[in-house]
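In: A predicted structure for the sequence below; I have some questions about it.
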Amino acid sequence: MPELPEVETTRRGIAPVLEGHRITELIVRERRLRWPVPIDLEENLRGQVIHHVERRAKYLLLKTANGTAMVHLGMSGSMRIVDKYSAPEVHDHFDIVVDGGDVVRFNDPRRFGSLLWAGLTPAEHPLLAELGPEPFSNDFTGKYLWQSGRGRKVAIKQHVMNSKIVAGVGNIYANESLFRAGIHPKRAAGRIALPRMTKLAGEIHAVLAEAVRQGGTTLRDYRGSDDKPGYFRQKLLVYGRAGEACKQCGDLIRHTVQGQRATYYCSTCQR
DNA sequence: ATGCGGACCTGTTAGC
DNA sequence: TGCTAACAGGTCCGCA
């Protein structure tokens, strides 16, 4: 479900109710997520003040003086702000209860999400240590992308979806940014010249920024922490449009599969 | 070192 | 209408 814009939208939604507040209780109902929820997590978090809610790649980082908790939404996770007395429903796997009575509730039908402890040096956590630059950071440039692809035969779409290359680019926005950059998704990463890579880096940045502004993309069931859908779906140019007309040239949008993920592209506009 | 397929799950949709 | 298969926004891991 969530890519970077949806995670960022979630972060912005939950930050106001968490930042500066003390965790009175962490209620874990289901520990079998992508990785088991650590047994000492409740103990580590109870009584701690969340001083900051940050995002790294698609991880939400809840920072306290005792250490950092990491939340990942996986494919189907969401975090909602609910009332203390609202009854948990199916797939509501944990609650973060803060002073004042607000509850941030995590729901994830597929359980590909996670809740982990990253201690006092989260950047050194194995899941974060190898991540590439944030797409919104100054380190993410066309030149960087070009250098990272040199000598590589891997398809450019899989290259930009590799979190070690750049963090947080998922399937929807990989498809969209490649279309906007006019680059064929199956082109080898090492066979794209610097100017086109610069265009691609710019489009990745732009499409993610636009999607954040729209509150993310709701394909079927994504909702922000305030229960509102994301409105970026209307702006999608290729994702999910197989067989429809390219909005740029009128040819049919094609569908293929790369690395078990759906790829959409226009063979006229993308080379 | 790189690349590929499988694995982890449930819910919804497409196809027969 | 009902059953089954395929597919879905992620990403790690093990093997070739």
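Out: Alright, I've got the coordinates.

In: Phi, psi for the residue nearest to A:E3 when sequence neighbours are not counted please.
Out: Leaving aside its sequence neighbours, A:E3 sits nearest to A:G170 (Cβ to Cβ, 6 or more residues apart in numbering; 3.5 Å). C-betas here are computed from N, CA, C, even on glycine. A:G170 adopts backbone torsions of phi -100, psi -170, taken as degrees, to the nearest 10.

In: If we look just around DNA strand B, which residues of chain A are in range?
Out: Selection of chain A residues close to DNA strand B by Cβ under 7 Å from any atom of the strand yields A:32, A:34, A:75-76, A:90-91, A:109-112, A:151-154, A:158, A:220-221, A:259-260.

In: Okay, now the sheet partners of the strand or helix carrying A:L62, with direction.
Out: According to DSSP states H and E, A:L62 maps onto strand A:59-64. Its sheet considered, strand A:59-64 pairs with strand A:52-56 (antiparallel), strand A:67-72 (antiparallel) by DSSP bridges.

In: distance between it and the chain's centre?
Out: 14 Å (Cα atoms, centre = their mean, to the nearest Å).

In: For that strand, give the mean pLDDT please.
Out: Mean per-residue pLDDT for strand A:59-64: 98.

In: CA atoms only for it, dumped as CSV, please.
Out: In CSV, the C-alpha atoms belonging to strand A:59-64 read as follows (Å, rounded to 0.1, in the frame of the first residue of the first chain):
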residue,chain,number,x,y,z
TYR,A,59,10.3,3.7,8.0
LEU,A,60,8.7,5.9,10.6
LEU,A,61,11.1,6.7,13.5
LEU,A,62,9.6,7.5,16.9
LYS,A,63,12.5,9.1,18.8
THR,A,64,12.7,9.0,22.5
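
In: what's that strand in contact with?
Out: For strand A:59-64, the external contacting residues (Cβ atoms under 8 Å, 6 or more residues apart in numbering) are A:7, A:10-11, A:14, A:18, A:23, A:45, A:48-55, A:68-73, A:79, A:96, A:118, A:122, A:127-128.

In: buried subset of those?
Out: A:7, A:10-11, A:14, A:18, A:23, A:45, A:48-50, A:53, A:55, A:68-73, A:79, A:96, A:118, A:122, A:127-128 (16 or more other Cβ atoms under 10 Å).

In: quick one: contacts for whichever residue of the stretch 101-250 of chain A sits closest to DNA strand C?
Out: Distances between the stretch 101-250 of chain A and DNA strand C by Cβ to the nearest atom of the strand are smallest at A:G170, namely 2.1 Å. When contacts are counted by Cβ under 8 Å, 6+ apart, A:G170 touches A:E3, A:L4, A:K58, A:M161.

In: gap between it and DNA strand B?
Out: 14 Å (Cβ to the nearest atom of the strand, to the nearest Å).

In: cool, and A:L219?
Out: 10 Å.

In: tell me the secondary structure for that residue?
Out: coil (DSSP: H, G, I helix; E, B strand; the rest coil).

In: coming back round to it: go through the residues of chain A next to DNA strand B and flag which are in helices.
Out: A:Q158 (DSSP state H).
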